[in-house]
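Asks: This is a predicted model, with the sequence first.
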Amino acid sequence: MGTNPINLGLRFLLELVALYAFGRWGWNQSTGWMRFVLVIGLPLLAMVLWGTFAVIDDPSRSGKAPVPVAGSIRLILELAFFAAATWCFYTSGIPKWGMIFGVVVFVHYLISYDRIAWLLKQ
């Protein structure tokens, strides 16, 4: 199920929503020009981390790994990414979004049990 096109589409949407959460949190943390640095910089940093550290031949990705990491490290990175996005929603004044987002991420990982098992074996 982890490589099912529908589940991959869901993960892509979760990634986009997470980037929005980082940007929204950055917007709320400052004023003036620094607000714009954070609203652009935080999602950009998250995208770089997400795309850089990967497991070689991950069937749910392109298979390329700019910086190869063990599957367990990648899983921790993904969980930290989504947990941080959930936290960003909570601290940005929209805790309901955080709760909904967290539940959808949890369901996504339940459905992706085969990918999690694969990651843990790498």
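Replies: Okay, I see it.
Asks: my read is Thr31 is in a strand, agree?
Replies: No: assignment of Thr31 by DSSP: H, G, I helix; E, B strand; the rest coil gives coil, placing it outside any strand.
Asks: Number of residues surrounding it?
Replies: Counted with other C-beta atoms under 10 Å, the burial measure for Thr31 works out to 8 neighbours. (C-beta placed from N, C-alpha, C; glycine too.)
Asks: and if you look at Leu79?
Replies: If you count neighbours by other C-beta under 10 Å, Leu79 ends up with 12.
Asks: List the contacts of it.
Replies: Leu79 makes contact with Tyr109, according to C-beta atoms under 8 Å, 6 or more residues apart in numbering.
Asks: now it: how far from Ala18?
Replies: Between Leu79 and Ala18 the distance, using C-beta to C-beta, to the nearest Å, works out to 12 Å.
Asks: Over to Ala65?
Replies: Ala65 is 21 Å from Ala18, where distance means C-beta to C-beta.
Asks: Same check on Leu10?
Replies: When distance is defined by C-beta to C-beta, Leu10 is 12 Å away from Ala18.
Asks: which one of these two has more residues nearby?
Replies: Ala18 (24 against 17).
Asks: which stretch of helix or strand covers the more buried one?
Replies: Here Ala18 is covered by helix 5-29, with elements defined by DSSP states H and E.
Asks: After the strand or helix carrying Trp87, which helix or strand is next? Please name it.
Replies: With elements taken from DSSP H and E, the one containing Trp87 is helix 71-91. Proceeding C-terminally, helix 71-91 gives way to helix 95-111 as the next helix or strand, assigned by DSSP H and E.
Asks: same for whichever helix or strand comes after that next one, what does it pack against?
Replies: Next in sequence after helix 95-111, counting helices and strands by DSSP H and E, comes helix 113-121. Packed against helix 113-121, as judged by 3 or more C-beta pairs under 8 Å, 6 or more residues apart in numbering; DSSP states H and E, are the following elements: helix 71-91.
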